[in-house]
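Chemist: Sequence first, then the predicted structure, then my questions.
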Amino acid sequence: MLDVNGLKIGFIGTGVMGSSMAKNLLNGGCEVHIFTRTKAKAEELLALGMIWHDTPGDLASSCDVILSIVGYPKDVEKLYLEAGGIVDSAKPGAYLLDMTTSSPKLAERIERAAALRGLHALDAPVSGGDVGARNAELSIMVGGDSAAFQAVEPLLRLLGKNIVLQGGPGAGQHTKMVNQIAIASNMVGVCEALVYAKHAGLDLSSVLASIGSGAAGSWSLSNLAPRIIAGNFEPGFFVKHFIKDMGIALEAAEEMGIELPGLTLAKGLYDRIAAEGLADKGTQALFQAWE
């Protein structure tokens, strides 16, 4: 197992979730090195004592563990597999953890490329949104070698509580697809329920108090329905990124020869609100499809 105290961690992607995750690593005793596409957005983290690098390759060559949480599979592919990127530049024996929700097939490619250079690559997507990242309560779904997982588990404990090795390379990403499929149809149900309650003339907060702890209860109902009621549609998780995730899941489902009608419906509704200018809002903005 890695000793997290003083461990040199490279962190790439300091957005809504990544900035909180980097802070938790710093607070846990790690030496945190960062790179993000816009340095100005990392000023708060630099002021806390994190160390800036001008390129992902420079960061990778300086660290024992590299973590990334970026936007899209194309970003992940460029970071890890481009000439002069993470796989090319990391020190032999380093651990590479991509925490982006990305393609299972890409996770497998990264693991193979890393293994050829004596590196340990794990796919480790997360769930829990901005709140989970801030409170170090993320669910982390890991795919890869069990020995590598055991080595980095103390580090992951600084970021989350529910941390499970799901299988070999790509298994973490497949598990995250399962998570997103469950959330997608549930979000449609949450929004439809609130629309119904509103048109029935009910007090939405009172309704939520009644149904939140019963059989209708869910994370989305407890955490996102109050934001909908308050008219807060700012992102804990972006609509545009959720659409990306649903697209990955539908592509994988097609390859496996299965149909996912609920997911197809949800993605169509999210595509609609994105086309209406809500791509940079939070997933709870689906409610506005009925407004």
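Modeler: Cool, the structure landed. Residues are numbered from 1 along each chain as shown.

Chemist: Which positions in stretch 234-246 come out as buried?
Modeler: Pro235, Gly236, Phe237, Phe238, Val239, Lys240, His241, Phe242, Ile243, Lys244, Asp245, Met246 (16 or more other CB atoms under 10 Å). For the C-beta atoms, the positions are set from N, CA and C on the backbone; glycine is no exception.

Chemist: can you check stretch 177-185 too?
Modeler: Met177, Asn179, Gln180, Ile181, Ala182, Ile183, Ala184.

Chemist: If we only consider the residues you listed, which is nearest to Ser127?
Modeler: Asn179 (5.2 Å; CB to CB).

Chemist: and which of the buried residues of stretch 177-185 is nearest to Thr38?
Modeler: Distances from Thr38 to the buried residues of stretch 177-185, taken by CB to CB, are shortest for Gln180, at 26.7 Å.

Chemist: Once you drop chain neighbours, what's closest to the closest one?
Modeler: Distances taken as CB to CB, 6 or more residues apart in numbering place Asp245 nearest to Gln180, at 4.5 Å, with adjacent residues excluded.

Chemist: Contact partners for that neighbour?
Modeler: Taking CB atoms under 8 Å, 6 or more residues apart in numbering as the criterion, Asp245 is in contact with Thr101, Lys176, Met177, Gln180.

Chemist: From the residues you listed, which land in helices?
Modeler: The members of these that map onto helices under DSSP state H are Lys176, Met177, Gln180.

Chemist: and Ser213, that's in a helix?
Modeler: No: counting by DSSP: H, G, I helix; E, B strand; the rest coil, Ser213 is not part of a helix but coil.

Chemist: what about it, how many neighbours?
Modeler: Neighbourhood size, Ser213 [other CB atoms under 10 Å]: 11.

Chemist: ok, now Leu260?
Modeler: 19.

Chemist: Please name the nearest non-neighbouring residue to it.
Modeler: Ala253 (5.1 Å).

Chemist: and that neighbour, what element?
Modeler: helix 239-256 (DSSP states H and E).

Chemist: With Ser62 instead?
Modeler: Ser62 belongs to no helix or strand, assigned by DSSP H and E.

Chemist: how near is the residue lying closest to it once chain neighbours are set aside to Ser185?
Modeler: Spatially, and ignoring its direct neighbours in sequence, Ser62 is nearest to His33 (5.9 Å; CB to CB, 6+ apart). To Ser185, His33 is 40 Å away according to CB to CB, to the nearest Å.

Chemist: for the stretch 101-250 of the chain, what spans make up the strands?
Modeler: Secondary structure of the stretch 101-250 of the chain (DSSP state E, counting those that start in this stretch): strands at 120-123, 126-127, 138-143, 160-167.

Chemist: so how far is the shortest one from its chain's centroid?
Modeler: This means strand 126-127. 5 Å (CA atoms, centre = their mean, to the nearest Å).

Chemist: and it, what does it pack onto?
Modeler: For strand 126-127, the packing partners by 3 or more CB pairs under 8 Å, 6 or more residues apart in numbering; DSSP states H and E come out as strand 138-143, helix 171-199.

Chemist: how distant is stretch 14-25 from the center of its chain?
Modeler: Its chain's average C-alpha position is 11 Å from that of stretch 14-25, according to CA atoms, centre = their mean.

Chemist: and it, C-alpha only, in CSV?
Modeler: Provided in CSV are the C-alpha atoms of stretch 14-25 (Å, rounded to 0.1, in the frame of the first residue of the first chain):
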residue,chain,number,x,y,z
THR,A,14,-9.7,21.0,-11.6
GLY,A,15,-13.3,21.6,-12.5
VAL,A,16,-16.5,21.4,-10.4
MET,A,17,-15.5,18.1,-8.9
GLY,A,18,-11.8,18.0,-9.5
SER,A,19,-11.0,21.1,-7.4
SER,A,20,-12.6,19.6,-4.3
MET,A,21,-10.9,16.3,-4.9
ALA,A,22,-7.5,18.0,-5.2
LYS,A,23,-8.1,19.9,-2.0
ASN,A,24,-9.0,16.6,-0.2
LEU,A,25,-5.7,15.1,-1.3
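
Chemist: which other residues reach it?
Modeler: Contacts of stretch 14-25 (CB under 8 Å, 6+ apart): 9, 11, 32, 34, 36, 41-42, 44-45, 48, 50, 67, 69, 71, 99, 126, 129-130, 133-134, 136, 138, 155, 158-159, 235-238.

Chemist: Please consider this matter closed, and thank you.
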